[in-house]
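Undergrad: Fold the following and give me the result.
(one chain, ligands or ions: 2)
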Amino acid sequence: MPTTRHASAGILADQNAAKREEIVGLLTRAYWMEMETVMSYLAQSAYLDGIRAEEIAEALDQDVEEELGHARRFAGRIKDLYGTPPGTFDMVHEQASLQPGDPTDVVGVIRGVIEAEAGAIEHYNRIIEACDGVDWATQDMVIDILRDEEGHLRQFERYLREFE
Ligand SMILES: [Fe+2]
Ligand SMILES: [Fe+2]
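TA: Ligands and ions are numbered 1, 2, ... in the order given. Model (predicted):
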């Protein structure tokens, strides 16, 4: 931990140390959600098979880059808040519905993606609320990322409607 802190206001100020710790915890969870999403989308985009799957695989492949970008932003913000981005030994796994199974089960994958995106949206709303009044920069960043996840959710909701 650094020994010199200079900010007199905002989330870097000493009087907000407890809040800062809370936000770093929330950001760490967000970081894992993004990293797991990168791995799930990467695996599914490679594994999905069949004519019906092609477009979904392509969309997921593009999303890998975007989700990795989110993870990068969360890691950077954790560092800026005097935190430490976690190492792989602390990795969290939650995406049961995105484990590769039947490569032609496109609808199953679409549902898994919707579940992951909805989970991210829920968690990011929580972070945005936790930041209110004390950490505007994290709030601004997470609002930006939330917009992406809402876009992803809507995209896959439209796919689902088409496939059902
Ligand atoms: Fe993301
Ligand atoms: Fe997403």
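Undergrad: CA only for contacts and neighbour counts going forward, please
TA: Fine.
Undergrad: So which residues of the chain form helices?
TA: All helices of the chain, identified by DSSP state H, fall at 17-47, 54-80, 106-131, 136-163.
Undergrad: residues touching the residue lying closest to residue 68 once chain neighbours are set aside, list them.
TA: Spatial nearest neighbour of residue 68, excluding adjacent residues (CA to CA, 6 or more residues apart in numbering): residue 38 at 6.2 Å. By CA atoms under 8 Å, 6 or more residues apart in numbering, residue 38 lies in contact with 63-65, 67-68.
Undergrad: Would you format the helices of the chain as a markdown table with distance to residue 8 and mean pLDDT included?
TA: Below are these laid out as a markdown table (distance: least, CA to CA, whole Å; pLDDT from 0 to 100):
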| stretch | distance to residue 8 | mean pLDDT |
| --- | --- | --- |
| helix 17-47 | 12 | 98 |
| helix 54-80 | 16 | 98 |
| helix 106-131 | 17 | 98 |
| helix 136-163 | 15 | 98 |
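Undergrad: Pipe these into JSON lines and attach distance to residue 89 per row.
TA: Shown next, in JSON lines, are the helices of the chain (distance: least, CA to CA, whole Å):
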{"stretch": "helix 17-47", "distance to residue 89": "12"}
{"stretch": "helix 54-80", "distance to residue 89": "16"}
{"stretch": "helix 106-131", "distance to residue 89": "22"}
{"stretch": "helix 136-163", "distance to residue 89": "25"}
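Undergrad: Indicate which one of those is closest to residue 10.
TA: Counting by CA to CA, residue 10 lies closest to helix 136-163 out of those; the figure is 8.0 Å.
Undergrad: Next, the buried residues of that closest one.
TA: By 16 or more other CA atoms under 10 Å, the buried positions in helix 136-163 come out as 138-139, 142-143, 145-146, 148-149, 152-153, 156-157, 159-160.
Undergrad: What of stretch 68-80?
TA: For stretch 68-80, burial by neighbour count (16+ other CA under 10 Å) applies to 68-75, 77-78.
Undergrad: From the rest of the structure, what touches that stretch?
TA: Outside stretch 68-80, the residues that reach it (CA under 8 Å, 6+ apart) are 24, 27-28, 30-32, 34-35, 38, 84-85, 138, 145.
Undergrad: Tell me the spacing between the most centrally placed residue in the chain and residue 123.
TA: When CA atoms, centre = their mean is applied to the chain, the residue found nearest the centroid is residue 34 (3.5 Å). Residue 34 is 11 Å from residue 123, where distance means CA to CA, to the nearest Å.
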